[in-house]
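1. compute the structure for the input listed below.
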Amino acid sequence: MRDLLDIKLFSQPFDATQNSTIKLNNGKQIAQMYAKLENCISVLSDLKARKSYISYGSIADLLGLQKKETEINSIWEDELLSRVHPEDLQKKYRLEFQFFQLLNSIDLANRANYELITKLRIRNLEGKYIFVKHRLLYIGSSEDGSIWLALCLYNLIYEHPEFEIPQGIIINTQSGKIMDYNHHEFSQILSLREKEILQLIKHGRRSKEIADKLGLSINTVNRHRQNIFQKLNVTNAMEACRVAEGTGLL
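-> Residues are numbered from 1 along each chain as shown. You can find the predicted model right below:
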């Protein structure tokens with residue numbers, strides 16, 4: 001799932017962004033502020049440069065992180081991710097892929113209103129799993145609409161029932177609307193007919209065969225194919241099937 005996420009993130013055009021240095025520095029300051037105020041670990045990732053800038057709060061001591069590198073040549077904070085429970089890590093990647101696809105389907109001006117929250121089990125200094133809240137926000141885009149700056153925050157979850165964190169949700173912070181892990185609106189991106197056609201494509205059926213089976217014209221089938229590609233932000237049928245399977249649409 002992470003490989004598929006890499007392909008989608010890095011295939012963005014990343015056209016020139018005005019005042020990119022200023023915006024990047026502002027992003028670093030935001031990340032440092034979160035780490036200081038919330039005692040969390042904040043990771044600002046520059047998807048275009050494929051670099052990350054890490055700010056460590058006191059939770060890093062609890063997790064036994066070395067806190068040596070504040071700038072890494074990767075968008076993935078692997079020292080920390082290596083401590084995440086494998087099941088939770090795959091859930092995290094899947095949700096992040098869905099989040100990326102969702103943001104690409106909405107108006108650019110509204111992207112900042114969404115964030116992803118995931119509950120993770122992470123090994124602490126003693127090797128025991130503790131619960132950590134992970135938040136993902138995209139805080140900067142290129143002029144062409146490419147998602148450029150991502151901010152990840154790792155906070156300790158308080159041991160009190162009133163601070164319970166859901167397993168994984170996407171939330172609109174402006175409206176308060178919540179899309180949960182199994183039922184959020186990403187699953188509705190494709191219509192039932194489009195899912196039906198994509199399922200047949202997955203099984204190797206050509207447009208003519210699909211048209212005959214479903215009683216449609218070949219032009220209608222081809223129009224559905226193009227709509228599927230556009231909605232999933234892909235360029236071919238093979239990639240569409242991989243994305244749909246990876247995100248639970250098929």
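2. S42 reaches K28, doesn't it?
-> No. If you go by C-beta atoms under 8 Å, S42 and K28 don't touch, sitting 9.6 Å apart. Any C-beta I mention is one placed from the backbone N, CA and C, and that applies to glycine too.
3. the two: who's more crowded?
-> The neighbour count for S42 versus K28, taken as other C-beta atoms under 10 Å, is higher for S42 (25 against 18).
4. ramachandran angles for that one?
-> With angles defined as degrees, to the nearest 10, S42 sits at phi -120, psi 140.
5. ditto for the one 4 residues further on
-> Reported as degrees, to the nearest 10, the phi and psi values for D46 are phi -90, psi 100.
6. low-confidence stretches in this structure?
-> 180-188, 247 (pLDDT under 70).
7. helices along that one, start to end?
-> 2-10, 20-38, 59-63, 78-81, 86-104, 192-202, 207-214, 218-232, 237-246 (DSSP state H).
8. would you reformat those as TSV and include distance to S141?
-> Shown next, in TSV, are the helices of the chain (distance: least, C-beta to C-beta, whole Å):
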stretch	distance to S141
helix 2-10	13
helix 20-38	10
helix 59-63	29
helix 78-81	24
helix 86-104	9
helix 192-202	27
helix 207-214	35
helix 218-232	19
helix 237-246	21
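9. which one of these lies nearest to M179?
-> helix 86-104 (8.1 Å; C-beta to C-beta).
10. mind checking how far the residue nearest to T17 when sequence neighbours are not counted is from S52?
-> Closest residue in space to T17, ignoring its immediate chain neighbours: S142 at 4.7 Å, by C-beta to C-beta, 6 or more residues apart in numbering. With distances taken as C-beta to C-beta, to the nearest Å, S142 is found 18 Å from S52.
11. same question for L62.
-> 21 Å.
12. in terms of neighbours, single out the busier of those two.
-> Shown here are L62 and S52; by other C-beta under 10 Å, S52 has more neighbours (23 against 16).
13. number of nearby residues for the spatially closest residue to the more buried one that is not a sequence neighbour?
-> Excluding the flanking residues, the one nearest S52 by C-beta to C-beta, 6+ apart is S45, at 4.5 Å. If you count neighbours by other C-beta under 10 Å, S45 ends up with 26.
14. how about the contacts made by Q66?
-> E79 (C-beta atoms under 8 Å, 6 or more residues apart in numbering).
15. and the chain, what are its domains?
-> What the record gives for the chain is the domain set 2-185, 189-246, from automatic domain parsing.
16. and the residue nearest to S52, what is it in contact with?
-> K51, S52, Y53, I75, L149, A150, L151, C152.
17. do N110 as well
-> Applying C-beta under 8 Å, 6+ apart, the residues near N110 are Q174.
18. at 10 Å what do you get?
-> The neighbourhood of N110, defined by C-beta atoms under 10 Å, 6 or more residues apart in numbering, consists of L103, N172, Q174, S175.
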